[in-house]
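K.L.:
what follows is a predicted protein model with its sequence.
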2 protein chains.
Amino acid sequence: MTSKQRSAPASLATVAAAAGVSIATVSRIVNGETRRASAETVERVRKAIAVVGYHPNHAGRTLRRRESRLVAMLAPNLDNLVMAAIAASTEAALRAAGYVMILCDTHDRPDLQDEYLNAMRSQVVRGYIMVASVPSAGLKDFVADGAPMVFVNRRPPFGRGAFVGIDNVKAGADAADMLWSAGLRRCGVLAPAQGSSVTRDRLKGFCGRMRALGVTEIPAAEAAGRSHLEIGYEAARRLAARNGWLEGLMCVSDQIAYGAYRFARESGIVIPERCKLVGIDGNPLNRWIAPWLRSIEVKYEDFGEPIVELLDHVWHAGGDAEHIMPHGVA
Amino acid sequence: MTSKQRSAPASLATVAAAAGVSIATVSRIVNGETRRASAETVERVRKAIAVVGYHPNHAGRTLRRRESRLVAMLAPNLDNLVMAAIAASTEAALRAAGYVMILCDTHDRPDLQDEYLNAMRSQVVRGYIMVASVPSAGLKDFVADGAPMVFVNRRPPFGRGAFVGIDNVKAGADAADMLWSAGLRRCGVLAPAQGSSVTRDRLKGFCGRMRALGVTEIPAAEAAGRSHLEIGYEAARRLAARNGWLEGLMCVSDQIAYGAYRFARESGIVIPERCKLVGIDGNPLNRWIAPWLRSIEVKYEDFGEPIVELLDHVWHAGGDAEHIMPHGVA
DNA sequence: ACAAGTTAGGCAAACGTTTGCCAAATTACG
DNA sequence: CGTAATTTGGCAAACGTTTGCCTAACTTGT
């Protein structure tokens, strides 16, 4: 039988025995406190570490230090590139800072979010990154307890907490300008039925800017659904049924625009020509397979760095803070 | 100042003191071993747990049990829905089985993969899920050490290891049938330059089937690039330059098809009419914004369950095993 | 009533680290 | 040469948990 080895892993004690020194000395050398040992001892211990194949055990370290290198990210899903980009960039930034990311998919459900929060506390995680969090009893408790949290995209639902995201009101206004400057005057807007702070702000910014431009009536449609794709499809259907096809449509997310596109195609409407679509998020796939979509660009792959910076801020300084990311009109 | 609380978290000792019993008793009750205590003691301890707000500390548990509930997933990236679907479904399946997933983005780099493997060992993770792993010195050591591993999509590079994935040779053949049954006879194929077992097998299956159908010359183009999108674009460019536009193109992944689509559009080639594209992966976005792409469907969102099953198998039975997922021709 | 068995629960060691404190041995200083 | 300071390193406690073993106090059977 090709046996699997799985020999007992080396601990500080193993190294200490091999090098003929005490555990304490090995620990200090491992942690870079070399001035507490002579150069030759350090060398001997280094050799022993290599020879027995020692790797520090984080469970022991966490227990003793009462803090781990684990950071939890709770996200409502991963099935679109926005979330994936945030997750990937945050993971990279955490890694660079010596942390390890645990990913939790809450499916936008308060009960699952609470379950995860409790599980993460048991793991003694050092911080929480709440991407598009949903209000829940557990979250409220954690915030009240002062758990180190950074909120992303959706603002902290219970006041306290650091925040990273874009200026959604401004983004909505910019989307309005996009349609207006293309000469379109009669435009509608598609949004989810029970929106978050994100979609509400984008909607508000859009309508505000349109009104400022002198537009009095802004046809809007809302819909519910499992994903923004479905929401876009259904909202487009409702708007078309009510107002016919307008010359321009602002969709509060690119995914909603995709849904609207599908409904248009199935209705025989040619998309950029008959009705122009504008979205928000700047999905990187657009330039490859959705060139008909103009979108407010958001560099979600740049979110990781400020997220980790804010986490650091919360750990050290404490208190609230926010980092508003720029968005473009490519 | 709105002070953050952060009072010392309750431990077994806290509960024991509150309930007037020993730590051992509390531990047993927490772990469901209730027949070692009288009903009234159990009740008293339960109350105490609620009142002091006890949550088990996994660092202590891991240290004592010498195994954690952590499972590491190492993936080459997250920037396409294939990876995202695998990650999300695996996370859900692990969660259901009481595990917690750590996500590591290796960027397909051997050095980063090794760095992550070591970091994960330090976290005392219980298993490793290697999505599209790359051969590396560290991985070889881990495999030789008998670390519990499940390989996904790409086969284990050093022999030993469980595997979950589709039959890529068959998928390639099915893609050939798709083009053939549409009446197309002169088709090309686009693939990455330094392919993995995945793309090689798909290519092999495609060419094999085409030859079996009597096609002797199969124009192929390869390209290198940072993503399959870029690879598809460049490969399409090369093929068009060499062979002109063929009537059908098989792309070994949907992302490559997206790249080819962009090049076609920029060249004024109308895509389904002038040249039919067939891909593999069944990206869920296709039906929304890429209806011109016929694709071999792979339900990556179903991968999580068998992955966790195989991990279980590796833990208990040990030894190799594989789970070939079905694919469709929707 | 006495031995045997069962029930309820405590003691203490161990897991791998970190770190405050102590103690030799060496060096510096007057 | 005597004392003070520095260097080098060990001891042991603590972090929170699990679990083998022990011991009383009951219960049962005869």
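P.N.:
Arrived safely, thanks for sending. Numbers count the residues shown, from 1 in each chain, chains lettered A, B, ... in the order given.
K.L.:
which parts of chain A are helices?
P.N.:
Along chain A, counting by DSSP state H, helices occupy A:12-19, A:23-30, A:39-52, A:58-65, A:81-96, A:110-122, A:137-144, A:168-181, A:197-212, A:228-243, A:254-266, A:271-274, A:286-289, A:304-316.
K.L.:
need the contact list for the closest residue to DNA strand C within the stretch 201-330 of chain A.
P.N.:
Here the stretch 201-330 of chain A gets closest to DNA strand C at one residue, residue A:315, 15.8 Å apart by C-beta to the nearest atom of the strand. C-betas here are computed from N, CA, C, even on glycine. For residue A:315, the contact set (C-beta atoms under 8 Å, 6 or more residues apart in numbering or on different chains) comprises A:126, A:127, A:148.
K.L.:
contacts for the helix-or-strand element of chain A with minimal mean pLDDT, please.
P.N.:
Least confident helix or strand of chain A, by mean pLDDT, DSSP states H and E, is helix A:271-274 with a mean of 92. By C-beta under 8 Å, 6+ apart, the surrounding residues in contact with helix A:271-274 are A:245, A:261, A:264, A:265, A:277, A:292.
K.L.:
what are the buried residues along it?
P.N.:
Across helix A:271-274, burial judged by 16 or more other C-beta atoms under 10 Å in any protein chain shown covers residue A:271.
K.L.:
for that helix, the distance to its chain's centre please.
P.N.:
From the chain centre to the centre of helix A:271-274 is a distance of 33 Å (C-alpha atoms, centre = their mean, to the nearest Å).
K.L.:
what does stretch A:213-233 give?
P.N.:
Worked out by C-alpha atoms, centre = their mean, stretch A:213-233 lies 24 Å from the chain centre.
K.L.:
pick out the residue of the stretch 201-330 of chain A closest to DNA strand D.
P.N.:
For the stretch 201-330 of chain A, C-beta to the nearest atom of the strand, closest residue to DNA strand D: residue A:315, 19.4 Å.
K.L.:
what's the neighbour count on the residue nearest to residue A:297 when sequence neighbours are not counted?
P.N.:
Using C-beta to C-beta, 6 or more residues apart in numbering or on different chains and skipping the chain neighbours, the partner closest in space to residue A:297 is residue A:282 (3.4 Å). Neighbourhood size, residue A:282 [other C-beta atoms under 10 Å in any protein chain shown]: 22.
K.L.:
just residue A:24 next, same as before
P.N.:
11.
K.L.:
pretty sure residue A:256 contacts residue A:228?
P.N.:
Yes - if you go by C-beta atoms under 8 Å, residue A:256 and residue A:228 touch, sitting 4.8 Å apart.
K.L.:
which residues do those two both contact?
P.N.:
Each of residue A:192 lies in contact with both residue A:256 and residue A:228 under the rule C-beta under 8 Å, 6+ apart.
K.L.:
neighbour-wise, which of the two wins?
P.N.:
The residue with more neighbours, out of residue A:256 and residue A:228, is residue A:256; 33 against 27, by other C-beta under 10 Å.
K.L.:
residue contacts, the more buried one?
P.N.:
Per C-beta under 8 Å, 6+ apart, neighbours of residue A:256: A:190, A:191, A:192, A:228, A:229, A:231, A:232, A:235, A:279.
K.L.:
burial count for the nearest residue to it once chain neighbours are set aside?
P.N.:
Using C-beta to C-beta, 6+ apart and skipping residues adjacent in sequence, the residue nearest residue A:256 is residue A:232, 3.5 Å away. By other C-beta under 10 Å, 33 other residues sit near residue A:232.
K.L.:
do the same with residue A:128
P.N.:
For residue A:128, the neighbour count with other C-beta under 10 Å is 27.
K.L.:
likewise the one 3 residues further on?
P.N.:
Residue A:131: 26 surrounding residues under other C-beta under 10 Å.
K.L.:
where's it relative to chain B, distance?
P.N.:
Computed with C-beta to the nearest C-beta, to the nearest Å, the distance linking residue A:131 and chain B is 13 Å.
K.L.:
if that residue is in a bridge, with which residues?
P.N.:
Taking DSSP bridges as the rule, residue A:131 bridges to residue A:152.
K.L.:
pull up the residues of chain A that are close to DNA strand C.
P.N.:
A:8-9, A:11-13, A:23-24, A:27-28, A:30-31, A:54-57, A:59-61, A:63-65 (C-beta under 7 Å from any atom of the strand).
K.L.:
one more time with 10 Å, if that's ok
P.N.:
Chain A comes close to DNA strand C at residues A:8-16, A:22-31, A:33, A:36, A:38, A:54-67, as judged by C-beta under 10 Å from any atom of the strand.
K.L.:
could I get the average pLDDT for stretch A:210-225?
P.N.:
Across stretch A:210-225, pLDDT averages out at 95.
K.L.:
same thing with stretch A:284-292?
P.N.:
97.
K.L.:
re earlier: are any of the residues of chain A next to DNA strand C buried, and which?
P.N.:
Neighbour counting by 16+ other C-beta under 10 Å classes A:9-12, A:14-16, A:25-30, A:54, A:56-63 among the residues of chain A next to DNA strand C as buried.
K.L.:
now do the same contact list for the nearest residue to residue A:18 once chain neighbours are set aside.
P.N.:
Setting aside the residues directly before and after it, residue A:18 is nearest to residue A:48 in space (C-beta to C-beta, 6+ apart), at 4.0 Å. Contact analysis of residue A:48 by C-beta under 8 Å, 6+ apart lists A:15, A:18, A:19, A:26, A:54.
K.L.:
now do residue A:38
P.N.:
Contacts of residue A:38 (C-beta under 8 Å, 6+ apart): none.
K.L.:
cool, and residue A:68?
P.N.:
Residues in contact with residue A:68, defined by C-beta under 8 Å, 6+ apart, are A:58, A:61, A:62, A:123, A:124, A:125, A:126, B:59.
K.L.:
as TSV, the residues you listed with pLDDT would be great.
P.N.:
Output for the contacts of residue A:68, formatted as TSV (pLDDT from 0 to 100):
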residue	pLDDT
A:58	97
A:61	97
A:62	97
A:123	95
A:124	95
A:125	97
A:126	97
B:59	97
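K.L.:
what about residue A:57, distance to residue A:47?
P.N.:
If you measure residue A:57 against residue A:47 using C-beta to C-beta, to the nearest Å, the figure is 20 Å.
K.L.:
low-confidence stretches in chain A?
P.N.:
Within chain A, the segments meeting pLDDT under 70 span A:1-6, A:330.
K.L.:
tell me the residues of it that contact DNA strand D?
P.N.:
Of all the residues in chain A, those lying near DNA strand D are A:12, A:16, A:19-29, A:33-42, A:44-45, A:59-66, A:122, A:124, going by C-beta under 10 Å from any atom of the strand.
K.L.:
taking the stretch 151-300 of chain A, what residue is nearest to DNA strand C?
P.N.:
For the stretch 151-300 of chain A, C-beta to the nearest atom of the strand, closest residue to DNA strand C: residue A:162, 26.2 Å.
K.L.:
for the stretch 51-200 of chain A, what lies in contact range of chain B?
P.N.:
A:55-60, A:62-63, A:68, A:70, A:77-79, A:81, A:83-85, A:87-88, A:91-92, A:95, A:100-105, A:118-124, A:144-146, A:160 (C-beta under 8 Å from any C-beta of the partner chain).
K.L.:
which ones are touching residue A:253?
P.N.:
Residue A:253 neighbours (C-beta under 8 Å, 6+ apart): A:82, A:199, A:228, A:279, A:280, A:281.
K.L.:
one more pass at 6 Å, please.
P.N.:
Residues counted as contacts of residue A:253 (C-beta atoms under 6 Å, 6 or more residues apart in numbering or on different chains) are A:228, A:280, A:281.
K.L.:
lovely, talk soon.
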